[in-house]
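In: quick check, what structure comes out for this input:
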Amino acid sequence: MRRYRHAIHIRQWGIHRARDEYSSYVHYVVCYLEREALLAVVGPTETARIFTFWRHDHYTDIYTAVMTDADAIGEIVTQFVSTPQ
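Out: Numbering: from 1, shown residues only. All right, here's what the predicted structure looks like:
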């Protein structure tokens, strides 16, 4: 994911991000996929409630970015990450 650094900005001093740059990029993908799965299973209202909790609990920078920039992150995931259908 490092080669896609220009696509997602990793804050160097975020209060809650993964332990290093690589892990942060991985967690952008994981959190985006969590969002997509929740949307499919519980719908947008419950997904928003869960993500609101998570963004104040852990990986706050990452969950906030996924909530606010889901379309941009989704484009990157769709283009560069192989996911099961």
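In: longest helix in this structure, by residue count?
Out: Longest helix of the chain, by residue count under DSSP state H: helix 21-57.
In: centre of the chain to that helix, how far?
Out: The chain centre lies 6 Å from the centre of helix 21-57; the measure is Cα atoms, centre = their mean, to the nearest Å.
In: from V42, how far off is E36?
Out: Look at E36 and V42: by Cβ to Cβ, to the nearest Å, they are 12 Å apart. Backbone N, C-alpha and C define where each C-beta goes, glycine included.
In: what about the two, which has more around it?
Out: For E36 versus V42, neighbours defined as other Cβ atoms under 10 Å are more numerous around E36 (16 against 12).
In: which residues touch the more buried one?
Out: Contacts for E36 were tallied using Cβ atoms under 8 Å, 6 or more residues apart in numbering; they are G74.
In: what pLDDT does it get?
Out: pLDDT, E36: 94.
In: try the one 10 residues further on
Out: Per-residue pLDDT puts E46 at 97.
In: dump the residue contacts of the residue nearest to it when sequence neighbours are not counted.
Out: If the residues on either side of it in the chain are set aside, E46 comes closest to L38, at 7.1 Å by Cβ to Cβ, 6 or more residues apart in numbering. By Cβ under 8 Å, 6+ apart, the contact set of L38 is 46-47, 50-51.
In: please repeat the previous calculation with a cut-off of 10 Å.
Out: Counting by Cβ atoms under 10 Å, 6 or more residues apart in numbering, L38 touches 44, 46-51.
In: what does A40 give?
Out: Per Cβ under 10 Å, 6+ apart, neighbours of A40: T47.
In: my read: V29 touches I73, true?
Out: Yes: the pair V29 / I73 is scored as a contact, 8.1 Å apart, by Cβ atoms under 10 Å.
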